[in-house]
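1. Whatever this is, show me its structure:
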Amino acid sequence: MADILGKALLDYHSGNYTEDIKTYSSLDEEDSLPLPYLFRSFKEMPILEQKALQITKGKVLDIGSGAGNHSLYLQNKGFDVTALDASEGAIAVCNQRGLKSTVKSSILDFSRDKFDTLLLLMNGIGLAGKLSAIDGFLKHLKSLLLPKGQILLDSSDIIYMFEQDEDGGYWIPDNAQYYGEVQFQMEYKGQKGLPFAWLYLDYNTLKNACEANNLNCEIVISGEHYDYLAKLSIKE
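-> Below is the predicted model of the structure:
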């Protein structure tokens, strides 16, 4: 399986930056993922990510760490942080950038430790793939939490991407799936990766899923464009 993201991150980190990652999705035909953005500093991060890092506590698991921006910031602040990513190239870059603790694994295959804070930034809840998988996904995250631990995640309500009619309703394709379920595919230097499912969750749907799984759910901060940062914790 081609590690498209990892190859691009390794190229950029080694000074071999010639192009960005192209993305194709069921929402729009083609877009790009600029590689410099995947190496952003704290100052360059969106407010939601900055806020998440500011309220991070204790021992941390950075899920879907990518090039390790969030992990590096926290490690430099003295946190015990582990960067986890399924991409071999991403983890290689994390190691090269000086992260002390890294794990190459999908989150659902990881169960060997517990943490005070689980970070799922850059729409990390997307890793669940489909709404039907959210219960199992949340249960697994709960199993990784220490007592009084927290899950910090950001996501977006992508309803704005659908056409509106005159009375303010939205035209959503009637194929019985949740509108936040998206298919993605990445391409880099002429090589395409396998398509993968990615989930954007509106806050009410997330809150209902949390209720069903005995989790508290609150909005920490709302972004400017239908996005939000949420904090989840186990109900006592």
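2. Quickly run through the sheet partners of the lowest-mean-pLDDT helix or strand in the chain, with directions.
-> Scoring the helices and strands of the chain by mean pLDDT, DSSP states H and E places strand 31-33 at the bottom, with a mean of 92. Sheet pairing of strand 31-33 (DSSP bridges) gives strand 21-25 (antiparallel).
3. export the strand it pairs with as PDB, just CAs?
-> Extracted in PDB, the C-alpha atoms of strand 21-25 (Å, rounded to 0.1, in the frame of the first residue of the first chain):
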ATOM      1  CA  ILE A  21      -0.400  16.600  -2.300                       C
ATOM      2  CA  LYS A  22      -3.500  16.500  -4.600                       C
ATOM      3  CA  THR A  23      -6.700  15.400  -2.900                       C
ATOM      4  CA  TYR A  24      -9.800  14.000  -4.600                       C
ATOM      5  CA  SER A  25     -13.000  13.700  -2.600                       C
END
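4. can you list contacts of it?
-> 4-5, 8, 30-33, 35, 182-188, 198 (C-beta atoms under 8 Å, 6 or more residues apart in numbering). Just so you know, the C-beta spots here come from the backbone N, C-alpha and C atoms, and that holds for glycine as well.
5. circling back: ok, then the element right after the least confident helix or strand of the chain?
-> helix 47-54 (DSSP states H and E).
6. Now the terminal residues of stretch 70-82, how far apart.
-> Stretch 70-82 has an end-to-end distance of 10 Å (criterion: C-alpha to C-alpha, to the nearest Å).
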